[in-house]
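# Based on what follows, work out the 3D shape:
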Amino acid sequence: MSAYADTTPALPERPAEDYLAERVATLFSTSPSTAVGNVFSGTMVFGVYHASAPLPGRCLWLAVLVLLMSVRLGLVYAWRRDPQRLAPHTWARLTMLQCGAVGLAWGIGAIWLMSYGTPYEDVIYGCIALASVMVAMSNVSYWPAHLAFHVPMFFFLGIAYFRDPEPQATFLAVSAWVVCPFIAEMGRRLQIRFNEALKLAWEHQVLAHKYALANQELAVLSRTDDLTRIANKRHLDETLKREWHRCARHAEPLSVLMLDIDHFKLYNDGYGHLAGDVGIRRVAEAIRNNVREHCDFVARFGGEEFTVVMPGADLATACAIGERIRAAVEALQLPHAWAARGHLTVSIGVASTAQGPVASQEALVGNADVALYAAKHGGRNRVEAFSGDPAKAPLPPGQPCLPN
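Numbering: from 1, shown residues only. This is a model prediction of the structure:
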């Protein structure tokens, strides 16, 4: 396989039922205007034949048209209240039946009205019928409904013209029958374009969702240490800054632990880098399992150094958790032939704003780092609290630190 082969996964196909549901939604969204336009057209026909066709028949024809449009509006109302009440296919077929009934009303009405009307009135009827089809062009979102409306209308309209003895009536009849397939083809092409637009919109939604997920994943990766899967230095800096300002605003203490694996260079050189990576991961896991859940923040500071940010923790709490971490790492009993105790251990420095004023979050970390080096010089495998007094003697190895 070529190294440049396209490995981009194909976009998931949207179910055909979803596309139909979108088309039904479009059909119903324009139905009120279609109904009003149809009734208005019918009212115009009612007026055109006022001098020729009997009033009761015209009233009956217009009433049927209004009733059918009321059915359409009733379908719209039911769909808006609960679109899931029926399947999209059922909504579409009910609308198609309604459109077919309206087309029959216009077509049969043409035969009856033209049996009374003058040639002039009959031509106007044809123009109004064509206008009503244009008003209902939104039916092309579901092509069968479009066909059900205009095919019977123009078929019977052609019959009505063909029955007229006037010489021009035959031409009008042929025109009505010829225009029918053209309108059908126009509706078919419009529906194809409509479906393509729906598919394109779906693809854009899928791509936008994928890009959003990819951006979220990149954001997580950019703040996560690859080896230990805990936070990296960048994430540490962001969190420490945020917690510094939050604790200062709420007058809460903020404590920091700085941890370093003892004699790690000897461990790494002696056992190899793969073993060194395993050791760092095991220590990171021990730290994460022994801090306060959903409260303390654990990060890899760099190399074999780790940092724990502890919002709301005073020095005594921080020292206790530091000692818990130290004991947990020692309990791993990871062999270290070049260490005095024969296994991997950590030294921990603790600093807290509860000890006194601290200028900045960087100064707080610096204090913890000073305490860490005091723990190193005091024999390692110990927890040491920061003290501004350099003459302060270090604690015996393994003894928990006490707040100053």
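
# so where is the stretch 251-400 of the chain shaky, pLDDT-wise?
In the predicted model of the stretch 251-400 of the chain, residues 388-400 satisfy pLDDT under 70.

# quick one: pLDDT of residue 186?
Per-residue confidence at residue 186 stands at 80 (pLDDT).

# Shouldn't residue 299 be within a helix?
No: counting by DSSP: H, G, I helix; E, B strand; the rest coil, residue 299 is located in no helix; its state is strand.

# And the residue nearest the centre of the chain, how far from residue 197?
When Cα atoms, centre = their mean is applied to the chain, the residue found nearest the centroid is residue 209 (5.6 Å). Computed with Cβ to Cβ, to the nearest Å, the distance linking residue 209 and residue 197 is 19 Å. C-beta: built from backbone N, CA, C; applies to glycine.

# rewinding a little: doesn't the residue nearest to the centre of the chain fall inside a helix?
Yes: when three-state DSSP is applied, residue 209 is found to be in a helix.

# how close does it get to residue 89?
Separation of residue 209 from residue 89 (Cβ to Cβ): 27 Å.

# Please apply the same query to residue 207.
Here the distance between residue 207 and residue 89 works out to 29 Å (Cβ to Cβ).

# Kindly report the same for residue 246.
Noted for residue 246: a distance of 56 Å to residue 89, by Cβ to Cβ.

# ditto for residue 192
Per Cβ to Cβ, residue 192 is found 19 Å from residue 89.

# cool, and residue 82?
Using Cβ to Cβ, one gets 16 Å for the distance from residue 82 to residue 89.

# Neighbour count: these two, which is higher?
Remark: of residue 82 and residue 89, residue 89 carries more neighbours, 13 against 8, as counted by other Cβ atoms under 10 Å.

# helix, strand or coil for the closest residue to that one other than its chain neighbours?
Spatially, and ignoring its direct neighbours in sequence, residue 89 is nearest to residue 20 (6.5 Å; Cβ to Cβ, 6 or more residues apart in numbering). Put simply, residue 20 is helix when judged by three-state DSSP.

# residues near residue 20, how many?
Using other Cβ under 10 Å as the criterion, the residues surrounding residue 20 number 19.

# So it is in contact with residue 90, correct?
No: the pair residue 20 and residue 90 fails to qualify as a contact (Cβ atoms under 8 Å) at a distance of 10.4 Å.

# Residue 347 is in contact with residue 263, isn't it?
No: when contacts are counted by Cβ under 8 Å, residue 347 is not listed as touching residue 263 (10.1 Å).

# Need the overlap of contacts for those two.
Shared contacts of residue 347 and residue 263 (Cβ atoms under 8 Å, 6 or more residues apart in numbering): residue 380.

# list the buried ones in stretch 239-255?
Across stretch 239-255, burial judged by 16 or more other Cβ atoms under 10 Å covers 239-240, 243-244, 247, 253-255.

# could the residues you listed be laid out in TSV, adding distance to residue 269 and secondary structure?
Listed next are these as TSV, based on distance: Cβ to Cβ, whole Å; DSSP: H, G, I helix; E, B strand; the rest coil:
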residue	distance to residue 269	secondary structure
239	33	helix
240	32	helix
243	37	helix
244	37	helix
247	40	helix
253	40	coil
254	37	strand
255	34	strand
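
# Next up, the contacts around residue 194.
For residue 194, the set of contacting residues under the criterion of Cβ under 8 Å, 6+ apart consists of 23, 26, 140-141.

# Repeat the analysis, applying 6 Å as the threshold.
Taking Cβ atoms under 6 Å, 6 or more residues apart in numbering as the definition of contact, the neighbours of residue 194 are residue 141.

# Which residues are in contact with residue 233?
Shown in contact with residue 233 (Cβ under 6 Å, 6+ apart): no residues.

# From residue 322, how far out is it?
Using Cβ to Cβ, which is the criterion applied here, residue 233 is 20 Å from residue 322.

# ok, residue 171 - how many residues close by?
The number of residues packed near residue 171 is 11, by other Cβ under 10 Å.

# Same question for residue 95.
25.

# was I right about it contacting residue 143?
No: assessed by Cβ atoms under 6 Å, residue 95 is found out of contact with residue 143, at 11.8 Å.

# Give me the mean pLDDT for the helix or strand residue 61 falls within.
With secondary structure defined by DSSP states H and E, residue 61 is part of helix 55-81. Regarding helix 55-81, the rounded mean pLDDT is 94.

# buried stuff in it?
For helix 55-81, the neighbour count (16+ other Cβ under 10 Å) marks 58, 61-62, 64-65, 68-69, 71-72, 75-76, 79 as buried.

# Which two among the residues you listed are spaced furthest apart?
When Cβ to Cβ is used, the two most widely separated members of these are 58 and 79, lying 32.1 Å apart.

# contact partners of stretch 134-147?
Stretch 134-147 is contacted by residues 23, 26-27, 30, 34, 37, 92, 95-96, 99, 149, 184, 187-188, 190-191, 194 when judged by Cβ under 6 Å, 6+ apart.

# what does stretch 213-227 give?
With Cβ under 6 Å, 6+ apart, stretch 213-227 has contacts from 232, 234-235, 277, 300.

# close enough to count as contact, residue 315 and residue 354?
Yes: Residue 315 lies in contact with residue 354 (Cβ under 6 Å); the separation is 5.2 Å.

# quick one: which of these two has more around it?
Shown here are residue 315 and residue 354; by other Cβ under 10 Å, residue 315 has more neighbours (21 against 18).
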